[in-house]
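Colleague: when you get a sec, could you give me coordinates for this:
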Amino acid sequence: MRRDRRVKILATLGPASSDEAMIRKLHEAGADVFRINMSHTSHDLMRELVARIRAVETAVDRPIGILADLQGPKLRVGKFAEGSVALEIGQSFVLDDDPTPGDATRVHLPHPEILEVVRPGHRLLIDDGRLELQAESADGKRIVTRVVTGTKISDRKGVSLPDSTLLSGALTDKDRADLDAALAEEVDWIALSFIQRPEDLTEARAIVRGRAGILSKIEKPQAVEQLDEIIRLSDAIMVARGDLGVEMPLEDVPGIQKRITRASRRAGKPVIVATQMLESMISAPVPTRAEVSDVSIAVFEGADAVMLSAESAAGSYPVEAVGMMNRIAMKVERDPLYPGIIFAQRPEPEATGADAISLAARQIADTLSISAIVTYTSTGGTGLRTARERPRTPILALSPERSTARRLSLVWGLQCAVTEDAVDLDDVVKRACRVSVEQGYAKVGEKVIVMAGVPLRTPGGTNMLRIATVEG
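Modeller: Below is the predicted model of the structure:
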């Protein structure tokens, strides 16, 4: 099933989209990668979802990626004697280590890691920012705050800390168990939630050991401040606009989205734009005009992928939401302005053989009548560097490793296919020409560009470019 679209679509699975028939409908409508949200998924259900996705993959004979999204630390206040209390702006309110049910003056905060790091002047946002508290004093056991905005707080509401950096890592005990279970099922991507600093990736790297790609979700101001280093240590990045919009001024989010997208592209790392892209389609068969523009902006910006959350997981119109996102993306990519915008954002190549070869492939394809750029890659590196150039010519990524093809299904413009390992360079070229015809990218007599590393099976060794004519 050839995709006539460069940007990829992630669809979150959930109650509205968990059976095999629906997963196949979502894939046929345009979903390239499926997200399993471990915040709401047991290990048994996760295993069932992976098996169903793999069954669909076999049926359609096309690599499909799977992203397991870890919950991350969930910070919440304790309970109140009456379930909730009313507050007044300007009043004092205390968060402390006393487990006694709260009242209108105080509440238990069952997170010593928060009590340790909050300092006077720091903000604490409760219930997705509906209540804002500002710390006036803190001694490691209690935080005395002043109510800035909001007039109500109730049991177990979430706490966000835009000004405080937790000393604990990003992985909780639940995350470690979920990570082990997901790796046992050979998922392709692991998403880390609430990353604050580069060090938060260290433990996950040690556990994963290259068995999956690590995707860092940028949803905290602290992560934005150390963006370049986090990108360097990650395999992919997500602009998680939901929590980002809670902890930072909403008007800052569009600019941060562009900054993250462009920084990721410079680094050659896939970047996903996520959260509330077609939110109204949870309950309506069509999106708002603003939502269509939101998706379009991400596509014009050159993001590798756009993501649906509740729209496909729990909405009334999951297939329609994926289909709408597919149509928006295809329309944008056919817009006369699209090539110029993508070209204007193109980063300079790095001083590596892979970048030089990828740049040459794009320039040759733009100059000659080339039907496809075919990359032969075992680790995915060649495909990533080719996609970084955002060529107008279709890119066909061939790999003898199914895991590599699945992982690359997240990357802009790469149409992935699994092929037997090549014997030698001539075999690489012959396979490239044959698969180009089989996949509908080239016809007999047309030319394709073939990229590979010689000797074969040498990671990071992209050093060969050949123009080949497809023979009958």
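Colleague: and the closest residue to S154 other than its chain neighbours, what are its phi and psi?
Modeller: Across the structure, with CB to CB, 6 or more residues apart in numbering as the measure, the residue nearest S154 apart from its sequence neighbours is S84 (3.4 Å). Bear in mind the C-beta positions are built from the backbone N, C-alpha and C, glycine included. The main-chain torsion angles of S84 are listed as degrees, to the nearest 10 and equal phi -160, psi 160.
Colleague: report pLDDT for S84.
Modeller: pLDDT, S84: 97.
Colleague: go on, T352?
Modeller: As predicted, T352 sits at a pLDDT of 89.
Colleague: circling back: how near is the residue nearest to S154 to L75?
Modeller: Taking CB to CB, to the nearest Å as the measure, S84 falls 19 Å from L75.
Colleague: compare those two (neighbour count), which wins?
Modeller: Looking at S84 and L75 with other CB atoms under 10 Å, you find the greater number of neighbours at L75, namely 18 against 13.
Colleague: ok, the more buried one - contacts?
Modeller: When contacts are counted by CB atoms under 8 Å, 6 or more residues apart in numbering, L75 is found next to H111, I114, G158, V159, S160, L161.
Colleague: would you mind measuring from it to L161?
Modeller: If you measure L75 against L161 using CB to CB, the figure is 7 Å.
Colleague: so what sits against both of these two?
Modeller: With contacts taken as CB under 8 Å, 6+ apart, L75 and L161 have I114 as neighbours in common.
Colleague: tell me, how many residues neighbour V60?
Modeller: Using other CB under 10 Å, the number of residues around V60 comes to 13.
Colleague: quick one, grab the pLDDT at the nearest residue to R6 once chain neighbours are set aside.
Modeller: Taking CB to CB, 6+ apart as the measure, R6 lies nearest to G413, with 4.3 Å between them; neighbours along the chain are not counted. The model reports G413 with a pLDDT of 97.
Colleague: what number of residues lie near G413?
Modeller: Here the count is done by other CB under 10 Å, and G413 has 26 residues near it.
Colleague: ok, it - contacts?
Modeller: Applying CB under 8 Å, 6+ apart to G413 gives the contacts R6, A387, R390, P391, P394, I395.
Colleague: hang on, the earlier thing: wait, doesn't the residue nearest to S154 sit right on K152?
Modeller: Yes - under the criterion of CB atoms under 8 Å, S84 is in contact with K152, at a separation of 6.2 Å.
Colleague: can you point me to the longest helix in the protein?
Modeller: Taking DSSP state H as the criterion, the chain has its longest helix at helix 43-60.
Colleague: quick one: low-confidence parts of the stretch 351-472 of the chain?
Modeller: Across the stretch 351-472 of the chain, the ranges flagged by pLDDT under 70 are 457, 460.
Colleague: out of the contacts of G413, which are inside helices?
Modeller: Using DSSP H to define helices, the subset of the contacts of G413 located there is A387.
Colleague: buried subset of the contacts of G413?
Modeller: Applying a neighbour-count criterion of 16 or more other CB atoms under 10 Å, the buried members of the contacts of G413 are R6, A387, R390, P391, P394, I395.
Colleague: can you tell me the closest non-neighbouring residue to the third one?
Modeller: Take R390 and drop its neighbours on the chain: the residue closest to it by CB to CB, 6+ apart is I342, 4.9 Å away.
Colleague: wait, a strand at that neighbour?
Modeller: No - for I342, which was evaluated using DSSP: H, G, I helix; E, B strand; the rest coil, the result is helix, with no strand membership.
Colleague: could you check how far it is from R209?
Modeller: As defined by CB to CB, I342 lies at a distance of 35 Å from R209.
Colleague: one more: R3?
Modeller: 31 Å.
Colleague: same deal with A236?
Modeller: Here the criterion is CB to CB. By it, A236 lies 17 Å from R209.
Colleague: do the same with E48
Modeller: From E48 over to R209 (counting by CB to CB), the distance is 26 Å.
Colleague: coming back round to it: give me the more crowded residue out of R3 and R209.
Modeller: For R3 against R209, the residue with the higher neighbour count under other CB under 10 Å is R3, and the figures read 19 against 8.
Colleague: can you name the residues bridging to the spatially closest residue to that one that is not a sequence neighbour?
Modeller: Spatial nearest neighbour of R3, chain neighbours left out: Q415 (6.2 Å); criterion: CB to CB, 6+ apart. Beta-bridge pairing of Q415, defined through DSSP bridges, involves L396.
Colleague: what residues does Q415 make contact with?
Modeller: With contacts defined as CB under 8 Å, 6+ apart, the neighbours of Q415 are R2, R3, P394, I395, L396, A397, Q439, Y441.
Colleague: hmm, try it at 10 Å
Modeller: Residues touching Q415, when contacts are defined by CB atoms under 10 Å, 6 or more residues apart in numbering, comprise 1-6, 32, 62-63, 372, 374, 394-398, 408-409, 439-441.
Colleague: just the buried members of those?
Modeller: When burial is judged by neighbour count using 16+ other CB under 10 Å, the buried members of the contacts of Q415 are 3, 5-6, 32, 62-63, 372, 374, 394-398, 408-409, 439, 441.
Colleague: mind listing the helices for the stretch 301-450 of the chain?
Modeller: Counting by DSSP state H, counting those that start in this stretch, the stretch 301-450 of the chain forms helices over residues 310-313, 318-333, 338-344, 353-367, 381-388, 402-408, 425-438, given from the N-terminal end onward.
Colleague: helix, strand, or coil at R466?
Modeller: Taking three-state DSSP as the rule, one finds R466 in the strand state.
Colleague: which residue packs closest to it, ignoring adjacent ones?
Modeller: Counting by CB to CB, 6+ apart, the nearest residue to R466 once its immediate chain neighbours are dropped is V450, at 4.8 Å.
Colleague: again with N463
Modeller: Of all residues beyond its chain neighbours, the one nearest N463 is G353 (5.0 Å), with distances taken as CB to CB, 6+ apart.
Colleague: separation between the one you found and R390?
Modeller: With distances defined as CB to CB, the gap from G353 to R390 amounts to 20 Å.
Colleague: what of L13?
Modeller: Here the distance between L13 and R390 works out to 29 Å (CB to CB).
Colleague: now whatever helix or strand A223 lives in, how far from the centre of its chain.
Modeller: Take DSSP states H and E as the rule and A223 turns out to sit in helix 221-225. Using CA atoms, centre = their mean, to the nearest Å, we find the averaged C-alpha position of helix 221-225 to lie 17 Å away from the chain's own average C-alpha position.
Colleague: ok, the residue nearest to N463 touching A452?
Modeller: No - here G353 lies out of contact with A452, judged by CB atoms under 10 Å, at a distance of 11.9 Å.
Colleague: who touches both of the two?
Modeller: Counting by CB under 10 Å, 6+ apart, the contacts common to G353 and A452 are G461, T462, N463, M464.
Colleague: closest one of the residues you listed to L308?
Modeller: L308 has its nearest neighbour among the shared contacts of G353 and A452 in T462, at 33.5 Å by CB to CB.
Colleague: neighbours around that closest one, how many?
Modeller: Neighbour count of T462, defined by other CB under 10 Å: 27.
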